[in-house]
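Undergrad: Sequence and computational prediction follow.
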Amino acid sequence: MLLWEALLELLYPSKCVLCGKLLDGNETNLCGSCRRALQPFTGKANKPALTSSVTVAYAYEDPLRQSLLRYKFQGRSYYAGAYGAMLGGTQVAGSTTEGSVSSAAMSRSTRAKRLRSLSIQ
């Protein structure tokens, strides 16, 4: 670890993105209790338009729900790396069908262009 990183860690210690507890030296993104409590979603998800299937990583329930709301509405953009690691871990561990979409956010203009291109064919 570089000196700069060590100083930042001392001034701003890493916290669990779900509960906010300080992380131990060997933990990243989630504390041990949140990691054990967070279970992959096993139910059936509603299929959004324009996709053949969808993969859902976790149920939208507390404490994950509260964490996502902090990310979206309280400027916790640094949570993005943790969410990416969480989603990536479920994609590697779980099986997905060919052509499945795990996350597809697009602007209204992009969605409109795709809808137009589908209607032309």
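TA: Ah, there it is.
Undergrad: Find the helix or strand that the residue nearest the centre of the chain is a member of.
TA: Against the mean C-alpha coordinate of the chain, by C-alpha atoms, centre = their mean, the closest residue is residue 83 at 3.1 Å. In this structure, residue 83 sits in helix 80-93 according to DSSP states H and E.
Undergrad: Please name every helix or strand in contact with that helix.
TA: Helices and strands touching helix 80-93, by 3 or more C-beta pairs under 8 Å, 6 or more residues apart in numbering; DSSP states H and E, are helix 64-73. Bear in mind the C-beta positions are built from the backbone N, C-alpha and C, glycine included.
Undergrad: helices or strands next to the helix it packs on in the packing?
TA: helix 80-93.
Undergrad: let's see 7 Å
TA: Here helix 64-73 touches no other helix or strand, going by 3 or more C-beta pairs under 7 Å, 6 or more residues apart in numbering; DSSP states H and E.
Undergrad: which outside residues touch it?
TA: 17, 18, 38, 58, 76, 79 (C-beta atoms under 7 Å, 6 or more residues apart in numbering).
Undergrad: List just the nearest of those to residue 45.
TA: For these, the residue nearest residue 45 by C-beta to C-beta is residue 58; the value is 11.3 Å.
Undergrad: And the strands in this protein?
TA: With strands called from DSSP state E, the chain shows none.
Undergrad: Helix or strand with the lowest mean pLDDT in it?
TA: Scoring the helices and strands of the chain by mean pLDDT, DSSP states H and E places helix 108-120 at the bottom, with a mean of 59.
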